[in-house]
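S.K.: Have a look at this prediction, sequence included:
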Amino acid sequence: MQDLKFPIKFSFKISTLSNDFRAIDATGKLVAYVRQKMFKLKEEILIYSNEDKTKVNYAIRANKWLDFSTVYSFYDTNETEFGKIARKGWRSLWKAEYEIIDQHGNLQYHVREENGMVKVLDSLIGQIPIISFFTGYLFNPSYLVTDLKEKEIIRLSKEASFFGSEFLVEKLSTIDNDDDDRIMLGLMMMILLERQRG
């Protein structure tokens, strides 16, 4: 996923049981087709080059099953691990927070929800019958990717919709070429985990 043309839209398919989405760049070109494998004890996400699912470019795999502190590793076509994303444990209950880690195990980027109140209000109002149907229009979380100096690199934000099916990835500053894939795969995994809200 080198030389990406931002903004990139994540567009979920709402007509299938699987948790699939397309990543489309600013020119309308398909960057990736993301499929979350269903009914697996350990989560596995495959990133294809096209919707026909003929070529897998990357895989994301959980290090354990059904655990709040699961780490998700990124693999290339040679099955070489080149990074991972980890949820920041209990701190994520109030405000989603993740860490993107490089192939050497070093922390590279933070991914943080911009406004924790969106999560709280969405959870509360989402419990009210009928009104809960409109929370996708009212509460739209956004997340910032920052480097270790707190420089803002990428913003991912949910767009207003009934089914929470559209997300926009905007570049805020330059990204090192080696980091494109790690950041994009990290955001793809994170949005699969966070999508149930809003």
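M.R.: That came through, no problem.
S.K.: Scan this protein for its longest helix.
M.R.: helix 180-194 (DSSP state H).
S.K.: what's in contact with that helix?
M.R.: Residues outside helix 180-194 that contact it (CB atoms under 8 Å, 6 or more residues apart in numbering): 1-2, 4, 8, 10, 19, 21, 23, 31-32, 34, 36, 45, 47, 58, 60, 72, 74, 82-83, 85, 87, 96, 98, 100, 102, 108-109, 111, 141, 143, 145, 153-154, 156, 167, 169, 175. Every residue, glycine included, has its C-beta placed from N, CA and C.
S.K.: Among those, name the ones in helices.
M.R.: Among the contacts of helix 180-194, no member lies in helices (by DSSP H).
S.K.: And those, which of them are buried?
M.R.: Among those, the ones that count as buried by 16 or more other CB atoms under 10 Å are 1, 4, 8, 10, 19, 21, 23, 31-32, 34, 36, 45, 47, 58, 60, 72, 74, 82-83, 85, 87, 96, 98, 100, 108-109, 111, 141, 143, 145, 153-154, 156, 167, 169, 175.
S.K.: mind listing the strands for this protein?
M.R.: Ranges of strands in the chain, per DSSP state E, are 8-12, 21-24, 30-36, 44-48, 56-62, 71-75, 81-87, 97-102, 107-113, 142-147, 152-158, 166-171.
S.K.: pLDDT score for the closest residue to Ser49 other than its chain neighbours?
M.R.: The spatially closest residue to Ser49, leaving aside those adjacent along the chain, is Lys55, at 4.5 Å (CB to CB, 6 or more residues apart in numbering). pLDDT, Lys55: 95.
S.K.: What is the neighbour count of Lys55?
M.R.: The tally of other residues near Lys55 (other CB atoms under 10 Å) stands at 10.
S.K.: quick one: it and Tyr33, what's the gap?
M.R.: Here Lys55 is placed at a distance of 10 Å from Tyr33 (CB to CB, to the nearest Å).
S.K.: Which neighbours do these two have in common?
M.R.: Taking CB under 8 Å, 6+ apart as the contact rule, Lys55 and Tyr33 both touch Tyr48, Ser49.
S.K.: Adding distance to Asp181, write the strands of the chain out as a markdown table.
M.R.: Output for those, formatted as a markdown table (distance: least, CB to CB, whole Å):
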| stretch | distance to Asp181 |
| --- | --- |
| strand 8-12 | 13 |
| strand 21-24 | 12 |
| strand 30-36 | 10 |
| strand 44-48 | 9 |
| strand 56-62 | 7 |
| strand 71-75 | 7 |
| strand 81-87 | 7 |
| strand 97-102 | 11 |
| strand 107-113 | 12 |
| strand 142-147 | 13 |
| strand 152-158 | 13 |
| strand 166-171 | 13 |
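S.K.: quick one: low-confidence ranges for this structure?
M.R.: 15-17, 39-41, 65-68, 89-94, 116-139, 161-164, 196-198 (pLDDT under 70).
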